[in-house]
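Enquirer: Mind folding the following:
(one chain, ligands or ions: 1)
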Amino acid sequence: MTLVSSLSWTDKDLGLYLHIPFCRVRCAYCDFATDLEKTGERQLFLKSLTEEIERLPKSTQPLRSIYFGGGTPSLLTVAEISQIFSVISKNYSLDKNTEISLEANPEGLNEDKLAGYMQAGVNRISIGIQSLNGPELKFLARGHLLEENLRALEMLKDKGINYNLDLMIGIPKQDQNSFMRTLIQVLAYRPAHISSYLLSIEEDAPWFEQVKSGKIKVADDDLMATLYQQMQFFLSDQGYKQYEISAFSLPGKECIHNLGYWKHQNWIGAGPSAASWLAPLRWQNPSGFKEWINCQKFPDKGPEYTTLSQADSVLEKIMLQFRLLEGIPVQVYTNLHCIYPELELGSRMQRLIQLELVEVTQTHYRIPATAVLLSNRVFQEYLS
Ligand code: SF4
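Expert: Model prediction:
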């Protein structure tokens, strides 16, 4: 019996993440587990992904969500996405509430492909727009231009698709005016959901050395904070609710898949770098394509499993829930404090309230919207 099959986990609300590791260009700021596709890799990938999905733990309940992330899932053809769906349907049940998202880049999406994906089962698109400013897009060199962004947004709006768009804050040369113009323009397409990311150049990203040496200047912390607050005010004024640090949605259009992560629900993942969490067990696939393929060939030598202690699991749950703007119910927090007095949750909370990093509403402890950018300070309080 494997470690996973010996678990008595609850299979309600299970999410499935699929990592598609290919991109058409390698963006200079990106450190994701992704690469340009080499000859023959696609077939090998699809075969190994199929085998991995077949080996994943099963659920008696319909999946809560499926998320095709990457990388660039929209590089896959409709036939390839359908092929993955047929493996999923053989192994899991879905129902009308199962949210099925697929990340797409504007340049790879056309009407036929979009219609094919939706027919295959996708019911939500997440599109990497980043900006509607030509020079900013050119600087990011993502392989798509302003015209392609506009064409993709037009198409999604015309077809009435439920979609998210990604925006980036802190692009070199971005300022309050250019960001405001992007915000005003994207809202004309009335996306159901907007995700915003602060540009951060990690060590594995091609830009890292140039940013470190000052050759490329990304926005400083003050400008990032100004742009972020500008977005908070504007989107809230336009009827979007911020429900997580980086996520805004129209009423009822929150991302079910990501909510699962933040609510510490179970998920399983397949593909390079994909992680899984079936409480109390966590494991993560190797991020390199070859290493992941090897891991599929020799499943016994698969990823390393970590069993989280109950105390660590509680601290993690609190941190994740603080990512949500609604925060954590006072009752839940108090119960955890009574069950795990050794975690000293009461004194941690007192410190955060004194520092005005957390406020108490009638029902919840939460990070005030004005302090969201300081949330790392809150998370640090629960790191040990
Ligand atoms: S930013 Fe997106 S499109 Fe660019 S390399 Fe990374 S995953 Fe690929």
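Enquirer: how long is stretch 269-279 from one end to the other?
Expert: Its start and end residues considered, stretch 269-279 measures 14 Å (CA to CA, to the nearest Å).
Enquirer: thought Gly128 was touching Pro106?
Expert: Yes - between Gly128 and Pro106 there is a contact at 7.2 Å, judged by CB atoms under 8 Å. All C-beta spots, glycine's among them, are computed from the backbone N, C-alpha and C.
Enquirer: Give me the more crowded residue out of these two.
Expert: Using other CB atoms under 10 Å, the more surrounded residue of Gly128 and Pro106 is Pro106, with 26 against 23.
Enquirer: Excluding chain neighbours, what is closest to that one?
Expert: Leaving aside its sequence neighbours, Pro106 sits nearest to Ala152 (CB to CB, 6 or more residues apart in numbering; 3.7 Å).
Enquirer: now swap in Leu75 and tell me
Expert: Leaving out its chain neighbours, Leu75 is closest to Phe22 (CB to CB, 6+ apart), at 5.3 Å.
Enquirer: Residue ranges in the stretch 101-250 of the chain under the pLDDT threshold?
Expert: 142-144 (pLDDT under 70).
Enquirer: Find out how far stretch 185-205 is from the centre of the chain, if you would.
Expert: 11 Å (CA atoms, centre = their mean, to the nearest Å).
Enquirer: scratch that, stretch 271-283
Expert: 15 Å.
Enquirer: wait, does it make contact with the ligand?
Expert: No - applying CB under 6 Å from any ligand atom, one finds stretch 271-283 separated from the ligand by no less than 11.1 Å.
Enquirer: do the same with stretch 165-172
Expert: No - against the ligand, stretch 165-172 shows no contacts by CB under 6 Å from any ligand atom, the least distance being 9.0 Å.
Enquirer: which residues make contact with that stretch from outside it?
Expert: Stretch 165-172 is contacted from outside by 126-131, 136, 139-140, 153, 179, 182-183, 186, 189, 191, 193-200, 216-219, 223-224, 227-228, 231, using CB atoms under 8 Å, 6 or more residues apart in numbering.
Enquirer: any idea which element the spatially most central residue of the chain lies in?
Expert: The centre of the chain sits closest to Asn258, judged by CA atoms, centre = their mean, with a distance of 6.1 Å. In this structure, Asn258 sits in helix 256-262 according to DSSP states H and E.
Enquirer: Tell me the gap between the following helix or strand past that helix and the middle of its chain.
Expert: Remark: after helix 256-262, the chain's next helix or strand is strand 267-270, criterion DSSP H and E. Taking CA atoms, centre = their mean, the mean C-alpha location of strand 267-270 is offset from the chain mean by 13 Å.
Enquirer: Check which helices and strands strand 267-270 is in contact with.
Expert: Applying 3 or more CB pairs under 8 Å, 6 or more residues apart in numbering; DSSP states H and E, one finds that strand 267-270 makes contact with strand 15-20, helix 41-55, strand 275-278.
Enquirer: any residue of the first one up close to the ligand?
Expert: No - using CB under 6 Å from any ligand atom, we find that strand 15-20 stays clear of the ligand, coming within 9.5 Å at best.
Enquirer: now the angle between helix 41-55 and that strand, please.
Expert: 160 degrees (axes from the mean of the first three to the mean of the last three CA atoms, to 10 degrees).
Enquirer: and strand 15-20, which strands flank it?
Expert: strand 65-70 (parallel), strand 267-270 (parallel) (DSSP bridges).
Enquirer: quick one: stretch 219-233 to chain centroid distance?
Expert: Worked out by CA atoms, centre = their mean, stretch 219-233 lies 21 Å from the chain centre.
Enquirer: So which residues make contact with it?
Expert: In contact with stretch 219-233 (CB under 8 Å, 6+ apart) are residues 167, 169-172, 174-176, 179-180, 183, 196, 198-199, 242, 248, 369-370, 372-373.
Enquirer: Kindly give a single ChimeraX line that selects the buried subset of those residues.
Expert: Buried residues within the contacts of stretch 219-233, by 16 or more other CB atoms under 10 Å, are selected in ChimeraX with:
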select :167,169,170,171,172,174,179,183,196,198,199,242,248,372,373
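Enquirer: Inside strands: which ones of the contacts of stretch 219-233?
Expert: 167, 169, 196, 198, 242, 248 (DSSP state E).
Enquirer: now the residues you listed as TSV including distance to Leu324?
Expert: Listed next are the ones in strands among the contacts of stretch 219-233 as TSV, based on distance: CB to CB, whole Å:
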residue	distance to Leu324
Leu167	20
Ile169	20
Ser196	16
Leu198	18
Gln242	10
Phe248	13
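Enquirer: Go through these and say which is closest to Gln321.
Expert: Nearest to Gln321 among the ones in strands among the contacts of stretch 219-233 is Gln242, at 15.4 Å by CB to CB.
Enquirer: what pairs with that closest one across the strands?
Expert: Phe248.
Enquirer: quick one on the thing from earlier: go through the helices and strands packed on strand 267-270 and pick out the most buried.
Expert: Highest mean neighbour count of the helices and strands packed on strand 267-270: strand 15-20, a mean of 24 (counted as mean count of other CB atoms under 10 Å).
Enquirer: Run me through the strand neighbours of whichever helix or strand comes after that one, direction for each.
Expert: Next in sequence after strand 15-20, counting helices and strands by DSSP H and E, comes strand 22-23. Partner strands and pairing direction for strand 22-23 (DSSP bridges) are strand 35-36 (parallel).
Enquirer: got a list of contacts for the strand it pairs with?
Expert: By CB under 8 Å, 6+ apart, strand 35-36 touches 21-26, 289.
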